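> just a sequence and a predicted model for now, questions to come.
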Amino acid sequence: MMPGGLSDTKPATPEVQQLVNQVKSQFESRANMNCVTFTAIVYRTQVVAGTMYYIKVQVSEAEYVHLKVFQPLPCENQGPSLENFQTGKNRDDPLTYF
């Protein structure tokens, strides 16, 4: 991985699911959606002044969204924030920079 570049795609971990859970309400508000299912599937990271997470999230049986979540450095004492998202994705869409 080159500095500032995206990591390889990895299976979601419990820690990534926790990030997704923390930004779910931000996503639902901004996307005007209520999501019963909100399961992290895979993710990529980018090291910035903190960590940017690109996460594929399943929101229904056949619908996925891509989230861009920023996790500040621990010294900032701030939780994760939803920076951007893409809707209308499917299981096979690759996670890319957006």
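That came through, no problem. Numbering: from 1, shown residues only.
> list the contacts of Gly79.
With contacts defined as CB atoms under 8 Å, 6 or more residues apart in numbering, Gly79 is in contact with Gln22. Every residue, glycine included, has its C-beta placed from N, CA and C.
> what helix or strand is it on?
Secondary structure here is read from DSSP states H and E; on that basis Gly79 sits in neither a helix nor a strand.
> ramachandran angles for it?
Gly79 has phi and psi values of phi -80, psi 180 when expressed as degrees, to the nearest 10.
> how near is it to Lys24?
As judged by CB to CB, to the nearest Å, Gly79 and Lys24 stand 12 Å apart.
> which residue is the nearest non-sequential neighbour of Leu73?
Distances taken as CB to CB, 6 or more residues apart in numbering place Gly50 nearest to Leu73, at 4.9 Å, with adjacent residues excluded.
> actually, Tyr53.
In space, and not counting its chain neighbours, Tyr53 is closest to Val69: 4.4 Å by CB to CB, 6+ apart.
> residues touching that neighbour, list them.
For Val69, the contacting residues are 19-20, 23, 52-53, 55, 80-83, by CB under 8 Å, 6+ apart.
> switch the cut-off to 7 Å
Shown here is Val69, whose contacts under the criterion CB atoms under 7 Å, 6 or more residues apart in numbering are 19, 23, 53, 55, 80, 82-83.
> tell me which element it is part of?
According to DSSP H and E, Val69 maps onto strand 64-72.
> whichever helix or strand comes after that strand - contacts with which helices or strands?
Moving toward the C-terminus from strand 64-72, the first helix or strand encountered (DSSP H and E) is strand 81-89. The elements that strand 81-89 packs onto, with contact taken as 3 or more CB pairs under 7 Å, 6 or more residues apart in numbering; DSSP states H and E, are helix 14-31, strand 64-72.
> out of these, which one sits most buried?
With neighbours defined as mean count of other CB atoms under 10 Å, the helices and strands packed on strand 81-89 peak in mean count at strand 64-72, which reaches a mean of 20.
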